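Novice: Sequence and predicted model, in that order:
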Amino acid sequence: MTEEKKPLSRQDFDERLRRARGESGDPKHHMRSAEDDSGKAIAFRIGTELVVAVAVGGGIGYLLDNWLGTGPWLLMVFLLLGNVAGLWNIFRMTNKQGYAAGFKHDQANSDAIEIEDAYRDKDD
C-alpha cells in the first residue's frame, strides 16, 4: 500500500527531458526561426504582421474618436502607432528574435541549461 519514493536518477531525468523536447533531444528544437520557414511563408507573415497592426491601431483610433468626439486626430495617431508596431514586429522577426521578451532569445536557453546542470550536479 505504501510505496517508497526513490530519488530520480540522472538517466531518468534525461529520458523525461528528451520526451518533453521531442525525440530529437535538441534544446532548440521547439524554437522556430526564420531559417525554418519558406520564402512564401515569411512574405505572408510580414504582410500579415503589418496589415493587422495597422488595422488594430486604426480600429482603436476610430473607436476613441467616436467615443470622445475628437475628429480624425486619434485615428491618425493610432494608425501611425499601428504602423510603427507592425514595422517593429517585422524587424524583430527578420532578426530572428521572434516574440521573446528583450533582444536576446538565447537567454532563455542558457537559463534552462543552467537549471539542468544544477539538477544534474545535485544528483551526482
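Specialist: It's in.

Novice: tell me which residues in stretch 48-62 are buried?
Specialist: Glu49, Leu50, Ala53, Val54, Gly57, Gly58, Ile60, Gly61 (16 or more other CB atoms under 10 Å). Quick note: C-beta positions are derived from backbone N, CA and C, even for glycine.

Novice: possible to save these as a markdown table with secondary structure and pLDDT?
Specialist: Shown next, in a markdown table, are the buried residues of stretch 48-62 (DSSP: H, G, I helix; E, B strand; the rest coil; pLDDT from 0 to 100):
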| residue | secondary structure | pLDDT |
| --- | --- | --- |
| Glu49 | helix | 89 |
| Leu50 | helix | 91 |
| Ala53 | helix | 93 |
| Val54 | helix | 93 |
| Gly57 | helix | 93 |
| Gly58 | helix | 93 |
| Ile60 | helix | 94 |
| Gly61 | helix | 93 |
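
Novice: Relative to Asn89, which of these is nearest.
Specialist: Asn89 has its nearest neighbour among these in Glu49, at 4.6 Å by CB to CB.

Novice: so where's the chain shaky on pLDDT?
Specialist: Scanning the chain for pLDDT under 70 picks out 1-8, 23-37, 97-124.

Novice: repeat that with 50
Specialist: Residues of the chain that meet the criterion pLDDT under 50 lie in 25, 29, 34.
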